[in-house]
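Novice: one predicted model, sequence on top.
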Amino acid sequence: MEKKKIVLKLELHNEKTKQKAMKNVCSNLGVESISLDMKEKKLTVVGEVDITNMVKRLRKLCHTDLVSVGSPVESAEKKKKEEPKKMEPKKPEEKKDSKDKSYGNPGYTTIYYYDPVYVEEYPSKCIIC
């Protein structure tokens with residue numbers, strides 16, 4: 001089996017079905033990369049994948065159409081010819097204050113101890129009262 005670039009059109013209605021579709025495709029053997037374009041609702045999968053099995057599993061979640069199947073090398077060459085890379089200036093990163101508590105949990109945990117000695121000291125008293 002050889003590497004293939006598979007483009008599928010999915011009818012995703014909400015975020016939950018999108019996550020299920022991505023998880024479903026990731027679970028297939030031989031998947032190397034996945035990209036999802038939500039504007040066009042197209043899922044692109046690259047790798048050595050069984051197409052019929054993948055489409056069959058996706059159709060259980062949502063309506064799926066197979067748009068194209070090809071080699072990933074050809075599409076990469078086309079993109080390089082069409083779009084030259086543009087250099088963007090780097091923006092300076094903002095530093096967080098050490099007093100800012102948005103980092104998360106500092107690592108403190110509360111440990112509760114149960115002392116069973118109290119029950120043994122006063123055996124005649126009622127525990128409930």
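Specialist: Perfect, thanks for sending it. Residues are numbered from 1 along each chain as shown.

Novice: show the pLDDT at K4.
Specialist: If you check K4, the pLDDT there is 90.

Novice: could you check how far the residue lying closest to it once chain neighbours are set aside is from K23?
Specialist: If you skip the residues right next to it in sequence, K4 has V69 as its closest partner in space, 5.7 Å away by C-beta to C-beta, 6 or more residues apart in numbering. Yep, even glycine has a C-beta here, placed from its N, CA and C like the rest. For V69, the distance to K23 under the criterion C-beta to C-beta, to the nearest Å works out to 22 Å.

Novice: likewise for L36?
Specialist: Following C-beta to C-beta, the distance that separates L36 from K23 is 12 Å.

Novice: the two: which is more packed in?
Specialist: For L36 and K23, the more surrounded residue by other C-beta atoms under 10 Å is L36, and the numbers stand at 17 against 10.

Novice: from what I can see the more buried one touches T17, true?
Specialist: No. Contact between L36 and T17 fails when scored by C-beta atoms under 8 Å: they sit 11.5 Å apart.

Novice: what residues does E40 make contact with?
Specialist: Under the criterion of C-beta atoms under 8 Å, 6 or more residues apart in numbering, the contact list for E40 reads K9.

Novice: so T17: helix, strand or coil?
Specialist: When classified by DSSP: H, G, I helix; E, B strand; the rest coil, T17 comes out as helix.

Novice: sweet, I'm off.
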